[in-house]
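Trainee: got a sequence here, can you model it:
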Amino acid sequence: MKQSEEIAQRSAANPIGQSQHYANALTKKTQKAVPLRLVLGVPFVVQIVSAVGLVGYLSFQNGQQAVNNLVNQLDEASNGQKAVTIWEIWQPHLIWMDMRMPILKILNLTDILLKQK
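Mentor: Residues are numbered from 1 along each chain as shown. Now for the predicted structure:
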């Protein structure tokens, strides 16, 4: 009962001080000790996880863009005659040929490409 009497005396003298006293009393009762390890560790872990996630996402996007650029540079010929036409227009640095290419066989196609070069 002493606390309530003290509060009543203080509130009579200073009505604004009463609300401050109640606020202080509530915070003292509800305040719990938070470990320093938790206070410092949680933001650190959140920061690390978000940084790793962002780097992983950006790396994946960059890889996808590189593959898409490579795919845009490729062209395919279904037969030897189409391969000659593509080579005349585009003149690629690499020609990957199949031994079983229809219409023009690989040896005939190679001879044609070497003669035109």
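
Trainee: residues in contact with stretch 71-83?
Mentor: For stretch 71-83, contacts defined as CB atoms under 8 Å, 6 or more residues apart in numbering pick out 85-86, 90, 92, 95, 97, 101-106, 108-109. For every residue, glycine as well, the C-beta is placed using N, CA and C.

Trainee: report the two of those separated the most.
Mentor: 90 and 105 (21.5 Å; CB to CB).

Trainee: more crowded one of the two?
Mentor: residue 105 (14 against 9; other CB atoms under 10 Å).

Trainee: can you tell me the SS state at residue 102?
Mentor: coil (DSSP: H, G, I helix; E, B strand; the rest coil).

Trainee: per-residue confidence at the closest residue in space to it that isn't next to it in sequence?
Mentor: Closest residue in space to residue 102, ignoring its immediate chain neighbours: residue 79 at 4.7 Å, by CB to CB, 6 or more residues apart in numbering. Note on residue 79: pLDDT of 80.

Trainee: now do residue 55
Mentor: Residue 55 is given a pLDDT of 98.

Trainee: what residues of stretch 60-73 count as buried?
Mentor: Residues of stretch 60-73 include none that count as buried (16 or more other CB atoms under 10 Å).
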